[in-house]
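Undergrad: heads up, no residue letters with this:
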């Protein structure tokens, strides 16, 4: 890949109307010009309707089924991780733009949905296009929502700038634009939320479209591995998970807390909480915390804090006596 488009354009597909189960999404584009290198963008809601992912059951029922684990809960709002690895409010369940009393669930496999639409368009129209399936999501730290890619086919979903040089001669190392998400956002700006225009074509990004027969890794490649997620749990939920893990050391590590940190990192954390020079590194996987000289009450508080802090960082208390506590990393990685 190289270069940005000099003529990016988004064309909204008009006259789509209500989409029902079994609908041929490729046929909805019959009247729309398509060229090699175009990117077809379709909302997940339309894909879900065509695939029969609409339910008339209660939100509580379907939320339980669509949730792999709860990330955070505040009042009536639940942020959940789905089977796709997506972290979304209500696991992506939506009650808008659907008959009252019904709920639209995310497609079972949005990447597969994108691949099938791409193949159908290639067979029907003879064109090599990319496909992006979008959904609306909130962002940590930011107010409001934007559309993101939850499915993709025939497209570079990221544009790795590592090794390139900027205009000032600086070598880029970690710049990695999520171009599939940017395409989703651009399409949403053109279609809007209330226009009932769930399909659009983004033109001018042919350098991101893969050759025919190559679908690429899909939007699944945009999902950060859970053990690398720095925000795998809400603030309150992380405390609960760490305390719970410290009280039940035989249980598997709590999902969302991440992989065990390096011993030097945990030493710095314990020095900050317990005071400097209380924790000593005795090997690559063994820390010793001095408890001598503390009265029973102070030692009890320290032991409780140690257990929670260790669990929060992927470690656990391996031994504990009057004079010292020993911490070792968990063997399993989330």
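TA: Sure, I can see it. Computed from a predicted model, the values in this text were never measured in an experiment.
Undergrad: what about the residue lying closest to residue 256 once chain neighbours are set aside, distance to residue 168?
TA: Among residues not flanking residue 256 along the chain, residue 232 sits closest, at 3.3 Å (CB to CB, 6 or more residues apart in numbering). Placement of C-beta: from N, CA and C, glycine included. Relative to residue 168, residue 232 is positioned 36 Å away (CB to CB, to the nearest Å).
Undergrad: and what of residue 256?
TA: Separation of residue 256 from residue 168 (CB to CB): 39 Å.
Undergrad: between the two, which one's more packed in?
TA: More neighbours surround residue 256 than the other of residue 256 and residue 168, with 22 against 5 (other CB atoms under 10 Å).
Undergrad: mind checking how far the more buried one is from residue 64?
TA: Using CB to CB, we find residue 256 at a distance of 18 Å from residue 64.
Undergrad: same question for residue 188.
TA: For residue 188, the distance to residue 64 equals 29 Å [CB to CB].
Undergrad: more neighbours: which of these two?
TA: Higher neighbour count among residue 188 and residue 64: residue 188, with 20 against 11, using other CB under 10 Å.
Undergrad: give me phi/psi at the more buried one?
TA: phi -70, psi -30 (degrees, to the nearest 10).
Undergrad: in the sheet, who's paired with the closest residue to it other than its chain neighbours?
TA: In this structure, residue 188 finds its nearest non-sequential neighbour in residue 147, 3.8 Å apart by CB to CB, 6+ apart. For residue 147, the beta-bridge partners are residue 136 (DSSP bridges).
Undergrad: my guess is residue 147 contacts residue 135. True?
TA: Yes: using CB atoms under 8 Å, residue 147 is in contact with residue 135, at 6.8 Å.
Undergrad: which neighbours do the two share?
TA: Both residue 147 and residue 135 are contacted by residue 43, under the criterion CB atoms under 8 Å, 6 or more residues apart in numbering.
Undergrad: state the pLDDT value of the residue nearest to residue 125 when sequence neighbours are not counted.
TA: In this structure, residue 125 finds its nearest non-sequential neighbour in residue 34, 5.5 Å apart by CB to CB, 6+ apart. The score at residue 34 is 97. That number is its pLDDT.
Undergrad: in the stretch 201-334 of the chain, where is pLDDT below threshold?
TA: 332-334 (pLDDT under 70).
Undergrad: nice, that's everything, thank you.
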